[in-house]
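S.K.: here's a sequence, model it:
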Amino acid sequence: MRASPVFKSRALPWLLLVPTLIILLVFLYFPVIQSFVLSLYRSNLFLGTQRFIGLENFKNIFTGVLAPGFRQVLLQTLLFSGVVVVLGLAFSLALATLANQPVRGARLYRLMLIWPFALSPAVAGTIFLFMFNPEVGVVNQLLNSWFGIKPRWLESPTLAFMLVSAAAIWKNLGYNIVFYLAALQNVPAELSEAAEIDGATAWQRFFAITFPMLSPMTFFLFFTNLVYAFFDTFGLIDILTAGGPVGAPPFDNAGVTTTMIYKIYQDGFGGAANLGFAAAESVVLLVLVVIVAVLQFRFGGNRVYYGGG
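M.R.: Residues are numbered from 1 along each chain as shown. Sure thing, here's the model as predicted:
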């Protein structure tokens with residue numbers, strides 16, 4: 001039996017952990033604590049003023065004059081995240097399954113599917129901004145030549161929400177496809193071949209064998225995509241719509257493409273420059289992410305198949 005490694009000094013393991021602990025303290029725990037402390041103040045970035053008000057910022061979020069706008073943005077964030085996560089994973093799995101087929105030029109196809117992930121959100125947003133420009137965009141040029149229409153993508157609340165969602169899904173497709181391809185290549189081919197001999201169709205083999213064996217990867221990608229939709233779509237929204245346009249009641253309290261992370265930016269660094277209120281919103285967002293993560297691991301983990309007996 002191989003002996004486990006033993007450190008000669010008890011202090012050595014702790015010394016090896018020091019760099020990691022420092023990074024966690026400086027870039028994770030300190031910002032969280034600082035946000036909570038700042039949420040207890042009314043702070044103006046431009047005037048440089050700060051006054052302790054306790055939980056007043058949290059009260060304003062849920063019951064004050066700003067509450068309708070916050071509720072709208074919270075609902076939009078949940079809806080936007082659901083669309084990006086569900087459709088993103090569905091498209092990624094479908095494309096990864098096709099790219100996993102033994103065809104000539106498969107490596108080139110996979111490269112073409114993966115490359116959007118290498119783009120920054122700002123670059124991806126700029127690409128969509130030019131493609132869907134109402135006058136010179138290639139999409140409207142085609143629609144005008146085929147159907148004689150030129151939709152105003154960024155002026156219609158519904159079209160703007162759809163466009164931002166599509167851009168967010170496209171931007172993250174490569175990330176999901178890489179992981180799904182790796183998972184698909186680890187699915188035993190013998191199981192599918194045996195099912196095919198028994199008369200199972202391609203759809204039956206996929207949903208009875210392949211998809212259940214991909215559940216650990218889907219479980220992992222669900223959470224990473226949720227974090228992406230919550231936090232990493234800021235650049236896309238800022239480039240494409242800057243949070244707008246404003247919709248019809250009851251969606252007239254904020255722009256229809258404004259998500260929580262973008263609202264925090266607007267409240268903290270926009271016209272009001274109220275860092276305390278923005279910090280309170282960031283605390284609420286953190287709690288929301290923690291709740292979603294706990295629910296996912298509590299209920300979703302039971303449906304994950306890891307193989308074995």
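S.K.: C-alpha from now on. contacts and neighbour counts both.
M.R.: OK.
S.K.: got the buried residues for the longest helix that the chain contains?
M.R.: The longest helix of the chain (DSSP state H) is helix 67-99. The neighbour-count check on helix 67-99 (16 or more other C-alpha atoms under 10 Å) flags 67-74, 76-78, 80-85, 88-89, 91-93, 95-97, 99 as buried.
S.K.: centre of the chain to that helix, how far?
M.R.: Relative to its chain's centre, helix 67-99 lies at 7 Å (C-alpha atoms, centre = their mean, to the nearest Å).
S.K.: next structured bit after that helix?
M.R.: Sequence order places helix 106-114 as the next helix or strand after helix 67-99, per DSSP states H and E.
S.K.: and the helix or strand just after that next one, what other elements does it pack with?
M.R.: Downstream of helix 106-114, the first helix or strand assigned by DSSP H and E is helix 121-131. Judged by 3 or more C-alpha pairs under 8 Å, 6 or more residues apart in numbering; DSSP states H and E, helix 121-131 is in contact with helix 138-147, helix 157-184, helix 234-240.
S.K.: could I get these as CSV with mean pLDDT and mean neighbour count?
M.R.: Shown next, in CSV, are the helices and strands packed on helix 121-131 (pLDDT from 0 to 100; neighbours: other C-alpha atoms under 10 Å):
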stretch, mean pLDDT, mean neighbour count
helix 138-147, 93, 14
helix 157-184, 94, 21
helix 234-240, 93, 22
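S.K.: and residue 219, which of those is closest to it?
M.R.: helix 157-184 (11.5 Å; C-alpha to C-alpha).
S.K.: gap between that closest one and the chain center?
M.R.: For helix 157-184, the distance to the chain centre is 9 Å (C-alpha atoms, centre = their mean).
S.K.: next, the angle from that helix to helix 106-114.
M.R.: Inter-element angle recorded for helix 157-184 and helix 106-114: 140 degrees (by axes from the mean of the first three to the mean of the last three C-alpha atoms, to 10 degrees).
S.K.: only alpha carbons, please: show the worst-scoring helix or strand of the chain on mean pLDDT as CSV.
M.R.: Taking mean pLDDT, DSSP states H and E as the measure, helix 106-114 is the helix or strand of the chain with the lowest mean score, a mean of 81. The C-alpha trace of helix 106-114 is given here as CSV (Å, rounded to 0.1, in the frame of the first residue of the first chain):
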residue,chain,number,x,y,z
ALA,A,106,-15.0,17.5,-38.2
ARG,A,107,-12.2,19.5,-36.7
LEU,A,108,-12.9,22.5,-38.8
TYR,A,109,-16.6,22.4,-37.9
ARG,A,110,-15.7,22.2,-34.2
LEU,A,111,-13.3,25.1,-34.5
MET,A,112,-16.0,27.2,-36.2
LEU,A,113,-18.5,26.4,-33.5
ILE,A,114,-16.1,27.2,-30.7
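S.K.: packing partners for it?
M.R.: Checked by 3+ C-alpha pairs under 8 Å, 6+ apart, helix 106-114 has helix 67-99, helix 157-184 packed alongside it.
S.K.: which strands and helices sit next to the last one?
M.R.: Going back to what we said before, that points to helix 157-184. Packing contacts for helix 157-184, counted by 3+ C-alpha pairs under 8 Å, 6+ apart, involve helix 67-99, helix 106-114, helix 121-131, helix 215-227, helix 234-240.
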